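> got a structure for you, letters missing:
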């Protein structure tokens, strides 16, 4: 999917909602457990009921691979089922040396190899350029690079002040996550790369927008993780929206009864309506 | 597996060789393609022929998941087949927020969930403490944390000089990878954590040994990636060996003919004999 196509979908739906498919066999409504593939059946109903309000879906790969081979089958059915106009994100946080990252790229982008055909994958930056570039060799596919994450451990390294004593260019002092954003812009433009930016750090969004004015930001922390959608939208939005805001648990587990899909739709619609307002106010 | 059990195996076999099972359907001998599960059949023969010389096996998870569900089945058969005395490493480089890392831990450590039962998993440090701790909740299992990697992109961030302006303790200036080693030692002792250290940086091993004298180091870069086994052994060894040195392609793809398993055994034996010498010289 191109950046323009993504923006057009945002404009059509008046939404930049990404629904996180963190589908846990222990949390889905019990009446689904009699289905042949309960994980897929849950996802199918969630997708049917929310696709009107969401522009992206983000299966969290851990939830599927924790179930071994059959989890990968549920994931494959899910990704095939998601409507083609929706942007799909493999939230996998992969990253390895070049030839191995090439195989991870095949995993998520090459249907003939793995059965999966995502639009994008989340990638960890620690191993640097050659751990990221192989994902970009797949035409039309995106890398969503971890920059600033919203978890408590995010502080351990991402906010350390860094500088490069060996470079002939003297970097001014900045945080590791800022350096990740700067360095990685040499690898791809804003039409192939996005950044993961934790919503609980909305005060940092202004600075990130200075460093990466054109890029989409994937904001994972709104909802159960407690970020403010208005703050994120106010400081994170650019002229092409530039935001995908994820909500997982607050939507998909809004009800644990037989009405779960309808309740999820209501929750998604509420978020979409708030987003419609912010799109008018801030973009 | 405990640290003591690992050390006893090293002493018995006079080896600290880890065989990397980077098994690629495009590279295995063509006569295996007629087998029902060629990937497993290749691994089975490699394991049979090298187990005498190797103390650990390290399937690179990307090679398996690139094949989707059937790749996970080959991985499951492989991990079940590896002799129980050998240390097993899921080279997966995972890492996510706490509850998601908990699911990745289930993937690799909880056989009842995923079918897999590894001794250890490689983890990326970028997301900090809560991305690592869930792996340590599985008793007897190990985290092998990325510190210094041998790939070309490793330089992009791992060697940046860092300091923490917000800490009340003033860190003296150090590299990011050194800070990762220091910070992570608060999370686990050397009986539950190891570090990935790229062999091509053998000159840095002395410094790493100062920071982490007791920890095992997993050195992935000897062989095809060009590190020197003697240099790694001389500067990296401690009194309990403290090294697992991986070789993948140089052993498993030493021959592409029907004799591949025997040729792999010969290569593994050569490395083991060199290791036996270094164990006498340097430990």
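Sure, I can see it. Every value quoted in this text rests on a predicted model; they were computed, and no experiment measured them. Numbering: from 1, shown residues only, chains lettered A, B, ... in the order given.
> how about the helices in chain A?
A:3-13, A:38-50, A:61-65, A:69-81, A:98-109, A:111-114, A:129-136, A:154-157, A:176-184, A:205-211, A:229-236, A:249-252, A:260-282 (DSSP state H).
> residue ranges with poor pLDDT in the stretch 51-200 of chain A?
Scanning the stretch 51-200 of chain A for pLDDT under 70 picks out A:164-172, A:199-200.
> Go again with 90.
Residue ranges of the stretch 51-200 of chain A with pLDDT under 90: A:150, A:163-173, A:198-200.
> How many residues are close by residue A:98?
16 (other C-beta atoms under 10 Å in any protein chain shown). C-beta here means a position set from N, CA and C on the backbone, and glycine is covered the same way.
> for residue A:12, same thing?
With other C-beta under 10 Å as criterion, residue A:12 counts 10.
> What of residue A:117?
The burial count for residue A:117: 16, using other C-beta under 10 Å.
> next one: residue A:279
18.
> you'd agree it is up against residue A:17?
No: look at residue A:279 against residue A:17 with C-beta atoms under 8 Å: they stay out of range, at 11.4 Å.
> Contact residues of the stretch 151-283 of chain A facing chain B?
A:151-166, A:176, A:179-180, A:183 (C-beta under 8 Å from any C-beta of the partner chain).
> Please convert the buried members of these into PyMOL selection syntax.
Listed next is the PyMOL selection for buried residues among these, using 16 or more other C-beta atoms under 10 Å in any protein chain shown:
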select buried, chain A and resi 151+153+154+155+156+157+158+159+160+161+162+163+164+176+179+180+183
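> measure residue A:77 to residue B:115 for me?
19 Å (C-beta to C-beta, to the nearest Å).
> More neighbours: those two, which one.
Comparing residue A:77 with residue B:115 by other C-beta under 10 Å, the one with more neighbours is residue B:115, at 19 against 16.
> Enumerate every residue touching that one.
A:68, A:69, B:72, B:76 (C-beta atoms under 8 Å, 6 or more residues apart in numbering or on different chains).
> Just the closest residue of the stretch 151-283 of chain A to chain B, please.
residue A:153 (2.6 Å; C-beta to the nearest C-beta).
> Quick check: chain neighbours aside, which residue is closest to that residue?
Spatial nearest neighbour of residue A:153, excluding adjacent residues (C-beta to C-beta, 6 or more residues apart in numbering or on different chains): residue B:128 at 2.6 Å.
> same thing with residue A:59?
residue A:21 (4.2 Å).
> Ok, residue A:35 next?
In this structure, residue A:35 finds its nearest non-sequential neighbour in residue A:41, 4.2 Å apart by C-beta to C-beta, 6+ apart.
> what about that neighbour, distance to residue A:32?
Applying C-beta to C-beta, the value for residue A:41 to residue A:32 is 5 Å.
> who has more neighbours, these two?
Between residue A:41 and residue A:32, counted using other C-beta under 10 Å, residue A:41 has the larger neighbour count: 20 against 17.
> ok, now how distant is that one from chain B?
18 Å (C-beta to the nearest C-beta, to the nearest Å).
> Let me know the pLDDT of that residue.
With respect to pLDDT, residue A:41 scores 98.
> Over to residue A:224?
Looking at residue A:224, the pLDDT reads 53.
> likewise the one 5 residues further on?
As predicted, residue A:229 sits at a pLDDT of 92.
> Run a quick neighbour tally on the residue lying closest to it once chain neighbours are set aside.
Leaving out its chain neighbours, the residue that sits closest to residue A:229 by C-beta to C-beta, 6+ apart is residue A:222, at 5.1 Å. Counted with other C-beta under 10 Å, the neighbours of residue A:222 add up to 27.
> can I assume residue A:222 is in contact with residue A:248?
No: contact criterion C-beta under 8 Å: residue A:222 and residue A:248 do not qualify, at 9.8 Å.
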